[in-house]
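[1] could you look at this predicted model? Sequence included:
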Amino acid sequence: MPTDAFLSLEGVRYRFPGDAADTVAGVDWRLPRGAIHCLLGRSGCGKTTLLKLAAGLLAPDDGIVRIDGVALAGPSPRVGFVFQAPTLLGWLSALDNVLLPVSLRRRPQAPDRDAARDLLTAMGLGALAERRPGALSGGQQSRVALARALVGRPDLLLLDEPFAALDALTREELQDDLLRLCASSGTAALFVTHDIAEAVYLGDRVGVMAEGRLIHEGAVPLTRPRPPGIRYEPAFGAVCRSLRGIMDSAAIGRAA
Amino acid sequence: MRTRLASALLLAGLVAAWEAWCRSGAVSPLVLPPPSAVAETLWGEIVSGRLWPHLRVTATEMALGLLAGTILGLGAGILLAEWPALHRVLRPYVLASQLVPKLALGPLLILWFGFGLTPTVVITALICFFPLFENTLTGLTQVDPGQRELFRMLGAGRVRTLLRLKLPSALPVILAGFRVAIVLALVGAVVGEFVGGRQGLGASIIAAQSVMDSSLIVALFVVITALGMAVYEAARGVEALILKRYARG
C-alpha cells in the first residue's frame, strides 16, 4: 500500500437519510500525489456520492477521509471541485467567475488577476475574459469552471462528470486541456465518469464502482503522453473492453 | 416608434370622443366634465400653486411608505428564507396580517397616530410589505442547488453566501416585487388620505367631492396617474440599469 497517498478513503460508508441501503458501502482507496485517477461506474452506483465524501461536502457515516494525512472535517481549500454543470454566476464576467474562490476570501490583487487571466488564456479564452457566462458556449463555460477550480492552485482536483453534456469533439479538447493543466501544475485529480473511453484516456489508474463498492482498481497500461489518435488503437480498445467486462460482470452478479 | 405613435393617436382619439360626447349634451358636466374643462382646471391648479403642496404630501407619503415597506419586506423575506423553522412558525401570522383589509385599519391608525402623514405612511408601508416579502422569500429559496454547493465547497459562510450568491441571484425577482410595490404604494397613499388625510391628492379628491367639483376630481386623477407612471418608469429605468449585468453578453 503506497504511503504517500494524498487522498485516502478508509472504510468510508454513507447512507442517505431515509434510504434502505448504503449508497457508498465501505470504500478503501488511496490516491497518490500528482496522478490522475478515474472512477468509472454506471449512473446511480454511488460515484458522485463518493466524490462528495472526498470533497468534504458530505460527512461519512463510518470511516475516515484524509487529505495529506489529516482527517477531513469539511471542504478544504486545497481541493478544487468541478461540478457536473458549470455553475457559473450569471452576473459576473468569466474573469470574475474564475476569481470567485479568491474574492470570497479577500479582495483579489493584481497577481490573482494575472493568474486567472493566464488560466483563461491557457484554455483559449483570453479574449473572452470580460464576457458573461450567458454569452459563452457550453464548452467555454466548462473551461471557465475548470479554470475556477484551478485558480487556488489546489493539490487535488475532484471532477464530477464535468464534460458529460458536451459534444464529442469539444469533450476531447477539454480532456486535453485538463491533462495539460494537471501536468503543468502537478495537481492530482479524481475524475468521475460513466464513459469508459474517457476514463482510459485520462486516467493513470481507473477504479470501477458498482452498488456502492469499489470492485476494481488498477493502472492503465498505456504510456504518456497519449496522443488523441490513441483512442483508435487496438491497445486502447483492449483496455476499454476489459473494463467493460468488469462492469458487465458486476451487472450480472446483481441480476443473479 | 410606430407603436408609440399609435398609442398617442389612440389617446387623442379617446379624448376627442369624450369631448364630443360631453358637448352633444347627452351627459351633464357635473357627472362627466369635458376634457377641455378638466385641462382648464388642471392648468388653474398648477399656475395658482394650489396643486404642489398636495402633490408633495402624496409623493412623500408614497416614498416613505415604499421605503419602510421595502426595508421591512426585504428584511422579513431574508430572515424567513434563512431560517426555515422561523418561516413555519411565522407564516400564518404574516399571511393574516396581509389578509386584514388595510384600509379598515385606517380609523384605528388615526386613533394611534392622529391625523396627518403617519397613518397614511403606515398603511402604504403595510401594503408595500407583501410583494417585497413574498418575492424576496421566493427568490432566495430558489437559488440553484449546484451553486449553493459550490459556495459550500469554497468555504463561504452564511452571510457571504447571502451577499454574494443568494441576493444577487434573487435580484431580478426582488426588483419585480418592488415594481408591484410602487404601484400599490400610490394606491395606498391616495386611499389612505381618503380615510385620514388633511392634505394630499387623495384628501383633495374628498374635498372636491364635497363641493361637487367633478372636473377637479378628474384633474386629480390625471395628476395621480402621471405621478404613478413617472415613478414606475423611473424604477424600470433603474432596474434595467442594474439588470444589465444579468443580460446575455
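    Yes, it's here.

[2] from residue B:49, how far out is residue B:156?
    In this view, residue B:156 and residue B:49 are 56 Å apart by C-beta to C-beta, to the nearest Å. C-beta here means a position set from N, CA and C on the backbone, and glycine is covered the same way.

[3] repeat that for residue A:212.
    Distance of residue A:212 to residue B:49, computed by C-beta to C-beta: 81 Å.

[4] more neighbours, the two?
    With neighbours defined as other C-beta atoms under 10 Å in any protein chain shown, residue A:212 and residue B:49 compare such that residue A:212 has more, 22 against 8.

[5] residue contacts, the more buried one?
    Residue A:212 makes contact with A:21, A:22, A:23, A:24, A:25, A:26, A:27, A:45, A:46, according to C-beta atoms under 8 Å, 6 or more residues apart in numbering or on different chains.

[6] would you mind checking those residues for buried ones?
    Applying 16 or more other C-beta atoms under 10 Å in any protein chain shown to the contacts of residue A:212, the neighbour count classes A:22, A:23, A:24, A:25, A:26, A:27, A:45, A:46 as buried.

[7] residues contacting the second one?
    The contact partners of residue A:23, by C-beta under 8 Å, 6+ apart, come to A:14, A:15, A:16, A:46, A:49, A:212.

[8] ok, the fourth one next?
    Residue A:25 makes contact with A:13, A:46, A:211, A:212, A:213 under the criterion C-beta under 8 Å, 6+ apart.

[9] shouldn't the second one be in contact with residue A:214?
    Read that as residue A:46. No. With contact defined as C-beta atoms under 8 Å, residue A:46 does not count as touching residue A:214 (9.7 Å).

[10] what does chain B have sitting close to chain A?
    B:144, B:146-147, B:149-156, B:160, B:164-165, B:168-169, B:171, B:245-249 (C-beta under 8 Å from any C-beta of the partner chain).

[11] closest to chain B among the contacts of residue A:23?
    residue A:49 (12.8 Å; C-beta to the nearest C-beta).

[12] that older thread, want to try a markdown table for the buried ones among the contacts of residue A:212, with pLDDT as columns?
    What follows is the buried ones among the contacts of residue A:212, written out as a markdown table (pLDDT from 0 to 100):
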| residue | pLDDT |
| --- | --- |
| A:22 | 90 |
| A:23 | 91 |
| A:24 | 90 |
| A:25 | 90 |
| A:26 | 87 |
| A:27 | 89 |
| A:45 | 89 |
| A:46 | 90 |
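
[13] which of those residues sits closest to residue B:103?
    Closest approach to residue B:103 among the buried ones among the contacts of residue A:212 (C-beta to C-beta): residue A:23, at 56.0 Å.

[14] what separates the closest one from residue A:251, distance-wise?
    Using C-beta to C-beta, residue A:23 is found at 18 Å from residue A:251.

[15] mind putting the contacts of residue A:23 into a markdown table with secondary structure and distance to residue B:58?
    Below are these laid out as a markdown table (DSSP: H, G, I helix; E, B strand; the rest coil; distance: C-beta to C-beta, whole Å):
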| residue | secondary structure | distance to residue B:58 |
| --- | --- | --- |
| A:14 | strand | 61 |
| A:15 | coil | 62 |
| A:16 | coil | 57 |
| A:46 | coil | 64 |
| A:49 | helix | 60 |
| A:212 | coil | 67 |
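
[16] contacting residues for residue A:72?
    The contact partners of residue A:72, taken as C-beta under 8 Å, 6+ apart, are A:54, A:56, A:64, A:65, A:66.

[17] at 6 Å what do you get?
    A:56, A:65 (C-beta atoms under 6 Å, 6 or more residues apart in numbering or on different chains).

[18] what pLDDT is listed against it?
    If you check residue A:72, the pLDDT there is 90.

[19] tell me the phi and psi of it?
    Main-chain torsions, residue A:72, degrees, to the nearest 10: phi -90, psi 130.

[20] so who does residue A:11 touch?
    The contact partners of residue A:11, by C-beta under 6 Å, 6+ apart, come to A:26, A:63.

[21] what about it, distance to chain B?
    As judged by C-beta to the nearest C-beta, to the nearest Å, residue A:11 and chain B stand 24 Å apart.

[22] follow-up on the earlier one: ok, which pair from the contacts of residue A:25 is furthest apart?
    A:13 and A:211 (12.8 Å).

[23] any stretches of the stretch 101-250 of chain A with poor pLDDT?
    Nowhere does the stretch 101-250 of chain A drop to pLDDT under 70.

[24] typed the wrong thing, it's chain B
    Applying pLDDT under 70 to chain B flags residues B:247-249.

[25] mind naming the longest helix for it?
    Under DSSP state H, the helix in chain B containing the largest number of residues is helix B:51-82.

[26] got it, and chain A?
    helix A:234-255.

[27] which residues sit against that one?
    Contacts with helix A:234-255, where a contact means C-beta under 6 Å, 6+ apart, come from A:196, A:197, A:200, A:208, A:210, A:215, A:216, A:230.

[28] buried sites along it?
    The neighbour-count check on helix A:234-255 (16+ other C-beta under 10 Å) flags A:236, A:239, A:240, A:243, A:246, A:247, A:250 as buried.

[29] please compute how far it lies from its chain's middle.
    Centre-to-centre, helix A:234-255 and its host chain are 21 Å apart (C-alpha atoms, centre = their mean, to the nearest Å).

[30] what's the first helix or strand after the longest helix of chain B?
    As assigned by DSSP states H and E, the chain's next helix or strand after helix B:51-82 is helix B:84-99.

[31] and the angle for that following helix with helix B:51-82?
    For helix B:84-99 against helix B:51-82, the angle by axes from the mean of the first three to the mean of the last three C-alpha atoms, to 10 degrees is 150 degrees.

[32] quick one: contacts of helix B:84-99?
    Here helix B:84-99 has contacts from B:80, B:130, using C-beta under 6 Å, 6+ apart.

[33] ranges for the helices of chain B?
    B:2-23, B:35-48, B:51-82, B:84-99, B:106-113, B:117-141, B:145-153, B:158-161, B:167-196, B:201-210, B:214-243.

[34] return the residues in contact with residue B:127.
    Taking C-beta under 6 Å, 6+ apart, we find residue B:127 in contact with B:102, B:184, B:188.

[35] please apply the same query to residue A:157.
    A:80, A:149, A:187, A:189.

[36] with residue B:35 instead?
    Residues near residue B:35 by C-beta under 6 Å, 6+ apart: B:15, B:18, B:19.

[37] and which of the residues you listed is nearest chain A?
    When the contacts of residue B:35 are compared for distance to chain A (C-beta to the nearest C-beta), residue B:15 comes out closest, at 43.8 Å.
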